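the following block contains a protein sequence and its predicted model.
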Amino acid sequence: MPGAEVELAGIRVAFDENVVLDDVDLRVAGSEVIALLGPSGSGKSTLLRVIAGIVAPDGGTVTIDGVDMTATPTHRRGVGMVFQDNQLFPHRSTLDNVAFGLKMSGVGRTERHERAATWLTRVGLEGFGSRRVTELSGGEAKRVALARTMIAEPSVVLLDEPLTGLDRDLHDQLVDELAELLHGSDATAIIVTHDVAEATAIADRTVLLDDLQPHGTARR
Amino acid sequence: MNRLPGWLVGLLVAAPIVGLLVFYVWPFGNLIATAVDGESVRTVFGRSRTWSIVWFTTWQAVVSTALTLVVGLAPAWVIARFDFAGRRLLLGLLTAVFVLPTVVMGAAFLALLPESLDRTVWAVIGAHVVFNLAVVVRTVGTVWEHLPPDMEHAAATLGASPPIVFREITLPLIRPAATAAAAIVFLFTFTSFGVIRVLGAAGTRTIEVEVWRRATQLGQVDQAAVLALLQLAILGALAVWSSISARRSSRALQLRPLSGPQHPRTRNQRLLVAGVAGATAVVAITPMIALVVKSISTPSGWNFTAWTDLGSAEVRPGISLGLDPIDALRNSLETAAWTTLFATVIGAVAALGIAAARRGGKLLDAGLLLPIGTSAVTIGFGMLITFDTTPYDWRSTWWIVPVGHALIAVPFVVRATLGVLRAIDPQLSYAALTLGASPARAWREVVLPHLWRPLAVGAALAAAISLGEFGATSFLSRSGGETLPIAIEQLLGRTGSLLQTKGYALATILAAATIGLVMLVDRTGALVGGRSGARSDPENRTSRSERAGR
């Protein structure tokens, strides 16, 4: 699926008294890969969650390919997301984790298992299908999470600090793989990170969250 | 602890073992011997009424369990996921309902329902559901709280709608907890006795009620014994199935809370939380309010006659009730006091013995748990048919009821104390010894100061258990020695509005006393945990204690 244009206008999010995002504007072109930079607790992850529909904004609009999606539930947005701690489903095999999105789209069992196996091979985990996800290493789990998101061919991919917590060698290796994966697909991608080197290696453009808020950084 | 001399450890272990052998193993063996009689077995198994009672017992337990799960999941979710004003209060309210004596819960539903509905199976099922809501909310809620919301969000980003997220992700992950909760609720409702005696119609009988009826009303002791063993066999099979299924479904899910319960943010969330929490509170509190209201509601209007005349045994001038509510209150307090003394002393001795004896201690620990795995009716019945011949004819002694109650209460004293004992660093005792203290002095200075609070918790639990105990007491109490639950059941079973209002007044007193004691346990338990570093969990203790009152 070709990448969709994402536009955020005047996004405001507050948790109780804490204003986390204040009047955020952002425009990402179709198939563009951007990195969103900012210190911990600055609201980067919250912004991704607003785009995914996990957090409802207190103000502002989320538009995807020209359609106002602000009130659209997560499962109807066509937005894939890789979570910081993967959030693999522990009661399902590795293959079933990867195939989950296809199952939701109504793809038949045989076809989705074939496609999931192909994706596992593509992320270097050939033959891992029957493994329990709780037995995977950190790097393996990250690859499964990526495959699970990308297999559904979302028009927008959100990645929340996807490479945090990995050892240096694995991190560097995955930076390359991730860049290849994202640029090899047509999806629009927004990757949240606090690592400038990682951001520049993967993204077409880097954006500082502070720069998106005219009133300065909102504090938690 | 391992510094105690061998002879003392032997004594500490021997005392509770002797108690267990005399008051549990012997009566239980006697019950089996009474039942192992081909003729009785044939009679009981050949009677179609037996199977209709087994069928009724099973289906009402299945329906009660299923409804409790369905009703309990929404509050479990709300409490696990959202932080809102009154959250702790709601949890406390559900726990308070859960620890009420069964007879009180029966009385509360009798007070609540219109006449067309009381004394029906639906009243029984309704009482079972409200009673056991806390099992589902606490058991399932704890797991739900540890299920990261992002796991469900991940499924949603992959295209799963909320009902599908629940079916594909949430439900499989909370299933082991839901199964465990269901097994507990099934056990409670399958062996329901007090609720059925108060709320059930004349022909409404679970196996437990039928055991009581055959043994005490019809004098068919052998047939009652067969039924008691039949119930044990069914429950044993359930326990085996439950443990196998728990082992199968237990996998390392690596669930951990992401951020704890959150304040509801959106309007929909706020509405949902308010609706579910409000409805749950209404369901839990209405029966209790009905109890109080009924105790002051008479055909001549609102008045406190039932309360002010509580001490009068006369129904009309010259006609006595044959049951004095104030006497019942006094009996209950005396029984509770003796139970507390017996259970606390034996429990403390057993805990010290278990901690000191290591391997042998584990066996004693497991042995002491047996009485709470056995229904109270079975315990009372076994004691009734065992202690009926000289020189062991103890049925009319003042201490047999408190001993029966203590049998059920001792495990709770042991659990409360043992946790603290094991948490005391042995190095402290060694340090005292190196500073010149004798072993006895070192024990007195290092261990003893930590024991008072857990023993106070155990004592309060023992008192609460004794006050509400109905099953064993139904067999062991004599005329004139009725305790509160027995008096409540008898008063509510009679015609006459004054008698009924007196029954409700007594039920209100018993409810208040039980809730007060359990609140004391929770407060003291929290202090115990905080002070000694023992892994004490007052919530769990409270939950387990409830089993004993059924």
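Thanks, I have it. The structure presented is a predicted model; accordingly, all values stated were derived computationally and were not measured.

list the buried residues in the helix or strand hosting B:Ile509.
B:Ile509 is located in helix B:497-532, with elements delineated by DSSP states H and E. Neighbour-count burial for helix B:497-532 flags B:498-511, B:513-515, B:517-522, B:524-525, B:528-529, B:532 (criterion: 16 or more other C-beta atoms under 10 Å in any protein chain shown). C-betas here are computed from N, CA, C, even on glycine.

what residues does stretch B:155-171 touch?
Applying C-beta atoms under 8 Å, 6 or more residues apart in numbering or on different chains, the set of residues contacting stretch B:155-171 from outside is A:52-54, A:73-75, A:77, A:79-81, A:89, A:100-101, A:104-105, A:148-149, A:152, A:154, A:158, B:144, B:147, B:151-152.

which other residues reach stretch B:35-51?
B:222-223, B:225-230.

narrow the contacts of stretch B:155-171 to just the buried residues.
Judged by 16+ other C-beta under 10 Å, buried ones among the contacts of stretch B:155-171: A:52-54, A:74-75, A:77, A:79-81, A:89, A:100-101, A:104, A:148-149, A:152, A:154, A:158, B:144, B:147, B:151-152.

mind saving the C-alpha coords of the helix or strand of chain A with the lowest mean pLDDT as PDB?
Every helix and strand of chain A was ranked by mean pLDDT, DSSP states H and E. The lowest is helix A:168-184, at a mean of 87. Taking Å, rounded to 0.1, in the frame of the first residue of the first chain, the C-alpha atoms of helix A:168-184 are listed here in PDB:
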ATOM      1  CA  ARG A 168      25.700  -1.900  20.600                       C
ATOM      2  CA  ASP A 169      26.500  -4.500  17.900                       C
ATOM      3  CA  LEU A 170      22.900  -5.600  17.600                       C
ATOM      4  CA  HIS A 171      21.700  -2.000  17.600                       C
ATOM      5  CA  ASP A 172      24.000  -1.000  14.700                       C
ATOM      6  CA  GLN A 173      23.100  -4.100  12.700                       C
ATOM      7  CA  LEU A 174      19.400  -3.400  13.300                       C
ATOM      8  CA  VAL A 175      19.700   0.200  12.300                       C
ATOM      9  CA  ASP A 176      20.800  -0.900   8.900                       C
ATOM     10  CA  GLU A 177      18.100  -3.500   8.600                       C
ATOM     11  CA  LEU A 178      15.400  -1.100   9.700                       C
ATOM     12  CA  ALA A 179      16.500   1.600   7.300                       C
ATOM     13  CA  GLU A 180      16.500  -1.000   4.500                       C
ATOM     14  CA  LEU A 181      13.100  -2.300   5.500                       C
ATOM     15  CA  LEU A 182      11.400   1.100   5.800                       C
ATOM     16  CA  HIS A 183      12.900   2.500   2.600                       C
ATOM     17  CA  GLY A 184      12.100  -0.800   0.800                       C
END
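
which element follows it toward the C-terminus?
strand A:188-193.

on that earlier part again, can you narrow the buried residues of helix B:497-532 to ones near chain A?
For chain A, no contacts are drawn from the buried residues of helix B:497-532 by C-beta under 8 Å from any C-beta of the partner chain.

number of nearby residues for B:Tyr392?
By other C-beta atoms under 10 Å in any protein chain shown, 11 other residues sit near B:Tyr392.

sorry, that was for B:Thr57
B:Thr57 - counted by other C-beta under 10 Å - has 23 other residues nearby.

flag the helix or strand of chain B with the lowest per-element mean pLDDT.
helix B:538-548 (a mean of 42).

avg pLDDT for the helix or strand hosting A:Asn97?
Using DSSP H and E, the element containing A:Asn97 is helix A:94-104. The pLDDT scores in helix A:94-104 average 96.

got it, and stretch A:33-45?
89.

who touches B:Glu482 in this structure?
By C-beta under 8 Å, 6+ apart, B:Glu482 lies in contact with B:323, B:327-328, B:331, B:490.

which of the residues you listed fall within strands?
Of the contacts of B:Glu482, none are assigned to strands by DSSP state E.

ok, and the most crowded of the residues you listed?
Busiest of the contacts of B:Glu482 [other C-beta under 10 Å] is B:Ala328, holding 25 neighbours.

now do the contacts for it.
Here B:Ala328 is in contact with B:482-484, B:486-487, B:506 (criterion: C-beta under 8 Å, 6+ apart).

pull the CA atoms of stretch A:38-58 into CSV?
Output of stretch A:38-58 as CSV, limited to C-alpha atoms (Å, rounded to 0.1, in the frame of the first residue of the first chain):
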residue,chain,number,x,y,z
GLY,A,38,13.4,14.8,21.8
PRO,A,39,14.5,14.0,25.4
SER,A,40,12.8,11.4,27.6
GLY,A,41,9.4,12.4,28.8
SER,A,42,9.0,15.1,26.2
GLY,A,43,5.8,13.5,24.7
LYS,A,44,7.2,11.8,21.6
SER,A,45,5.6,8.5,22.4
THR,A,46,2.3,10.3,23.2
LEU,A,47,2.4,11.9,19.8
LEU,A,48,2.7,8.5,18.1
ARG,A,49,-0.2,7.2,20.3
VAL,A,50,-2.3,10.1,19.1
ILE,A,51,-1.6,9.2,15.5
ALA,A,52,-2.4,5.5,16.2
GLY,A,53,-5.6,6.5,18.0
ILE,A,54,-4.5,5.0,21.3
VAL,A,55,-4.6,8.3,23.1
ALA,A,56,-7.4,10.7,22.3
PRO,A,57,-6.2,14.3,22.0
ASP,A,58,-7.8,17.0,24.1
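
how about that stretch: buried residues?
For stretch A:38-58, a neighbour-count test (16+ other C-beta under 10 Å) marks A:38, A:42-58 as buried.

what about A:Arg27, which helix or strand?
strand A:18-28.

can you show me the helices along the stretch 1-150 of chain B?
B:6-20, B:26-35, B:38-46, B:48-81, B:87-98, B:102-112, B:121-145, B:149-157 (DSSP state H, counting those that start in this stretch).

just these: most buried one?
helix B:102-112 (a mean of 29; mean count of other C-beta atoms under 10 Å in any protein chain shown).

and that helix, what does it pack onto?
Contacts defined by 3 or more C-beta pairs under 8 Å, 6 or more residues apart in numbering or on different chains; DSSP states H and E place helix B:102-112 against helix B:121-145, helix B:194-199, helix B:267-295, helix B:448-468, helix B:484-492, helix B:497-532.

now the element after the third one, going C-ward?
In this case it means helix B:267-295. Reading on from helix B:267-295 to the C-terminus, the next helix or strand found by DSSP H and E is strand B:297-298.

run through who's touching that following strand.
By C-beta under 8 Å, 6+ apart, strand B:297-298 touches B:305-306, B:497-498, B:501.

show me which residues of the helix or strand that A:Thr110 is a member of are buried.
Assigned by DSSP H and E, A:Thr110 falls within helix A:109-122. By 16+ other C-beta under 10 Å, the buried positions in helix A:109-122 come out as A:112-113, A:116-117, A:119-120, A:122.

same check on stretch B:365-383?
So, applying 16+ other C-beta under 10 Å, buried residues of stretch B:365-383: B:365, B:367-368, B:371-372, B:374-383.

try stretch A:157-169
In stretch A:157-169, counting by 16+ other C-beta under 10 Å, buried: A:157-163, A:166.

CA atoms only: put stretch B:232-249 into CSV for me.
Taking C-alpha atoms only, stretch B:232-249 is exported to CSV below (Å, rounded to 0.1, in the frame of the first residue of the first chain):
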residue,chain,number,x,y,z
LEU,B,232,-15.8,-35.3,48.6
ALA,B,233,-15.2,-37.6,45.6
ILE,B,234,-16.8,-35.0,43.2
LEU,B,235,-14.8,-32.2,44.7
GLY,B,236,-11.6,-34.3,44.6
ALA,B,237,-12.2,-34.9,40.9
LEU,B,238,-12.7,-31.2,40.4
ALA,B,239,-9.5,-30.4,42.3
VAL,B,240,-7.5,-32.8,40.1
TRP,B,241,-9.0,-31.4,36.9
SER,B,242,-8.5,-27.8,38.1
SER,B,243,-4.8,-28.4,39.0
ILE,B,244,-4.1,-30.2,35.6
SER,B,245,-5.8,-27.4,33.7
ALA,B,246,-4.0,-24.8,35.7
ARG,B,247,-0.6,-26.5,34.9
ARG,B,248,-1.5,-26.7,31.2
SER,B,249,-2.5,-23.1,30.9
